[in-house]
Structure formats: structure tokens, C-alpha cells
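Student: no sequence for this one, just the structure:
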DNA sequence: GCATACTACGTACGGTGTACGTGCTGTCTA
DNA sequence: TAGACAGCACGTACACCGTACGTAGTATGC
């Protein structure tokens, strides 16, 4: 409420000239938080645990981060820094966007808490801006309005997130045998009611199939569609 | 690490024959929780507040719901029940899917906490199944593999969620004047560094524009693309 | 009649984010 | 150079959270 200091964390300097040198850093705190989230999930991240893993007092963290929410911003931007992007577009926009998406998926596979979090917190830290910059560089020759390009960027990012989240859910569900069992039981019951004929048919058809298409290939196929939409000339759509 | 015992809530009967009649119901509890989430956000939902709003003791809720996590399932399925779907497909799949998406967007606009939540919790309650059933009925004449259809359903749902979440973020950001101000300041600074030339150009081009395209039209346009992909014959893509 | 299974709910425990105060340290200003 | 002062480290404390557990009451099946 009382906003003497800027709310936006990127606007406040990491360190001012006065006072003793800090014993830690935003980057170190974010890194510790990321390690915790990777190991225990986002819900397992607490200020006390982060402080303990850094050997700091809990309340010391508040000298670096105004609140836990802003810590999430730091975490997300740190992950955005893991994208390994070429310095300049290659000249093949489709390949560049695919590579961008692949980098994103890889990062989100390492940090399965990212997709759900990034959806609720639009990130605009330095590393995220670097990603946006790359996207816009790739799209430089594409004559669409500026804000449309930003929407397309959001669309690409969301698609990557969706896929990563879907994978994470699969993994989580597949892990619990009992849950899988219960799910089958329940869907069987639902099908037996006769209220869901199409669903029952689909369920029956789906069972016993072997495919399990290579996840990477599935991702490439899905994202290729999205990239196609993004790169399509603006007015070719009815 | 708690021993994961998912205990699918849809499998346990709401009420058994023995014992006194319950004073409340899952539906009433879910409804109270939804009202709370609408008013204060998902983080504002607590067992104590729900109980208070129902005039019940906090711990009584645990006679209806094994844990708070399962309550989220109830909430999501209750919202899925708000979709107003025709009994049968109209014969125009494109129109049907657009209508489906529009219903979804409307529900998510009423309950802005849904998109983020549903992404992390695949819903399979009775109402959610009804939605899937409708989708499959629309897709009945479309000869794609069963599991592909389910993937496409997930894709459609995700797209709706993405759009709704994006809108919610816009609304939230636009609400805080100071935040908006700080964002502009920060982006200005970032642009001034010269590290983000394309971003700076895009930002400059975006400022001063008037469009603010009607959100519904924007949604229709976006979702129409997705519907196009969904309805496209399976092998028309390179 | 009576065991049984369920409802209702108070109490309590271990966890959370963080406001506040206290002492310290380094730098900038007069 | 003296002192004001901003930033740092951290302990304590508070309000709130999810929920395990125990107790008491009540309707049903045998």
C-alpha cells in the first residue's frame, strides 16, 4: 500500500552505495529458490528453507527481495536466462522459432514448476526481454503491426508452456499407480452409465493402442503448426 | 514428501447410508469456495473462511472433502457445469467449437482463477466429462485417431485458458496505475540501454496506437485459427 | 438393543509470510 | 574528522494456514 519504493523489482537497484557489503545476492537467492522448487515443487519453496540453504537468517532475505511474490519474478527470469539463443537470426525464421521453442521446452523440463507460474506472472526481467528481443529480430522482416507481433510472441510462449505443463501432468499421473488405477475405474463407471457414448467409444479405442509417439517429435509437430500461424502473412486468413 | 494417496474424489460416494444426515453438501462447499475465490483470488480461499461462510465448523468440511486439493477439483468441475452446451451438435462443427470456446471464455471471465488452476489439475469430474463428450460428438465425423482427438481437445481447452488468463493479466495490470507507470519507466530504461533495439522499436511503434480491438473479436479470431487446425484433415500438413 | 458408521466440531501442532526492533557497518556530508 | 544515516543481519512475534486427533451425538443395519 505505502509505496515509497517501486513495486517492480527490476526498477530498484540491487545495491546502493551506502551500508556494508551484502553477504548474498539476488541471483544466489533465486538460485537457491529454484533448486528448492525443482526438488519439492513450488509449494515447497519457503523463505525459511531458502534462508537455511544459504546459511542466512530468514529475515535477511527481505533485504534483497521485498516480498515472496517478487522472488518468483527473479526465479522466472533466471530460468529465462537458461535459453541459449544465437546472437542473431539465422535467416531461416521457421528454424529459429523452432529452436527457440525447443530451448524453452528444455528449460521447462528442467523446471517443471515454470509453466504454471509464468502464466500468472508475465515476466519482463532482463533475460525475458532478451528472449523477446530475439523473437522480434526473427520477425523483423515480417510486416505485421507491432502489437500483433507481441501477441504472437505470447502465443508462442503459451504454446510452449502448455506443452511442457501437459508433459509434467502426464509424468505426475503416470507415476502414481493407484491414481492411474482409480482413473480407469472411474472412467469405466462413467462409460457404463451410458451418458457419455462418444467418450466411452474413444476411451475404448484409445485403450490397447501402442503409439506413445516420441515426445520430442510430438512437440516439433505441434509447435510447427503454431510457428506456421505466426509466420503466415497477415491477410491470408478468411 | 507425503505419501501420495490421490483418493480420486469422484470415486467416493457423497454420502453413505449410515449416520445422521449431513448438514451441508459438496456442492454447497464448492459454491462457497468459488464465491471466495471470485472475491479474493485463489489464495484467499481457506478452509476456515469457507466454513465460516457456511456457518459450519472448520473441521466439519473434512467430512465432505478429504483435503483442500480435492476441493479444487470440485470447484473446477462446478465451473465446468456452467458451460451451456446444446444437447447435440448442430451439424456445423466450426460453429459448435466456437460456441464451446465462447462458453468457456465466459465462464473463465466470471472466475478468473480457473485458467491457472485447471492447467495444473486435469479435471475429470462429471461436468468436465460432459464437455469432453460434446467435443467428441462434434468431432464424430472426423476420422482421426481417438487419442489425437483427446489431444486436440486439450489443445482447444488450453487455448481458451491462455486467452482468458491473458485477459485476466491485462485487467490486473491495467488496474494498478502505479504498476503501469513503473512498467513504462522500466521498459524505457531497458530500451535506452540499446541492448534491445527491436524491442525498443516495437515498443515505440506500439505506443500511441489506438486500436484496442474488441476483446471478443480478438478471441474469435484467435480461436478460429485453433479450430481450423483441429478440424483440418489429418494429413494435409507437410 | 446395540454395535456400527457417520456427522459435528473444539483443540492443538507444525508450518507459513512478514512486521518490527535492535545492533552493526560502511559511506557520504558538514 | 565527527556524526548522521542508509543499508545489512537477524531474533522475536503475530496472524493465519492445513489438518491430525479426540470427543460427543445420531441415525441405521442386524
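Tutor: In hand now; what should we look at? Predicted model, so just to flag it, every value in this text is computed and none were measured.

Student: Low-confidence bits of chain A, can you list those?
Tutor: In the predicted model of chain A, residues A:1-5, A:173-176, A:206-212, A:233-238 satisfy pLDDT under 70.

Student: hmm, the helix ranked longest in it touching chain B?
Tutor: In chain A, with assignment by DSSP state H, the single longest helix is helix A:146-175. Yes: contact of helix A:146-175 with chain B (C-beta under 8 Å from any C-beta of the partner chain) involves A:146, A:147, A:149, A:150, A:154, A:155, A:158, A:162, A:165, A:166, A:169, A:173. For every residue, glycine as well, the C-beta is placed using N, CA and C.

Student: ok, those residues vs residue A:29, which is closest?
Tutor: Comparing those against residue A:29 with C-beta to C-beta picks out residue A:165 as the nearest, at 25.5 Å.

Student: Skipping adjacent residues, who's closest to that closest one in space?
Tutor: Counting by C-beta to C-beta, 6 or more residues apart in numbering or on different chains, residue A:165 lies nearest to residue A:115, which is 3.9 Å off, once chain neighbours are set aside.

Student: Show me the domain layout of chain A.
Tutor: A:9-80, A:93-237 (automatic domain parsing).

Student: could I get those as TSV with mean neighbour count?
Tutor: Listed next are these as TSV, based on neighbours: other C-beta atoms under 10 Å in any protein chain shown:
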stretch	mean neighbour count
domain A:9-80	16
domain A:93-237	17
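
Student: Centroid-nearest residue for chain A?
Tutor: The centroid of chain A falls nearest to residue A:115 when counting by C-alpha atoms, centre = their mean (3.3 Å).

Student: Would you check that it makes contact with residue A:167?
Tutor: No: checked against C-beta atoms under 8 Å, the pair residue A:115 and residue A:167 is beyond contact range at 9.2 Å.

Student: Common neighbours of the two, please.
Tutor: Common neighbours of residue A:115 and residue A:167 are not found (criterion: C-beta atoms under 8 Å, 6 or more residues apart in numbering or on different chains).

Student: could you list every residue that touches the residue nearest to residue A:165?
Tutor: Applying C-beta under 8 Å, 6+ apart, the residues contacting residue A:115 are A:108, A:161, A:162, A:164, A:165, A:168, B:119.

Student: follow-up on the earlier one: by contact count, what packs against the longest helix of chain A?
Tutor: helix A:93-110, helix A:114-120, helix A:126-138, helix A:177-193, helix A:215-231, helix B:114-120, helix B:146-175, helix B:197-206 (3 or more C-beta pairs under 8 Å, 6 or more residues apart in numbering or on different chains; DSSP states H and E).

Student: I'd like the distance from the longest one to the chain centre, please.
Tutor: The gap between the average C-alpha position of helix B:146-175 and the chain average comes to 7 Å, counting by C-alpha atoms, centre = their mean, to the nearest Å.

Student: could you check the angle helix A:197-206 makes with that helix?
Tutor: 120 degrees (axes from the mean of the first three to the mean of the last three C-alpha atoms, to 10 degrees).

Student: Alongside DNA strand D, which residues does chain A contribute?
Tutor: A:15-16, A:18-24, A:56-60, A:62-64 (C-beta under 7 Å from any atom of the strand).

Student: same for DNA strand C: which of those are within range?
Tutor: A:18, A:19, A:20, A:21, A:58, A:59, A:62.
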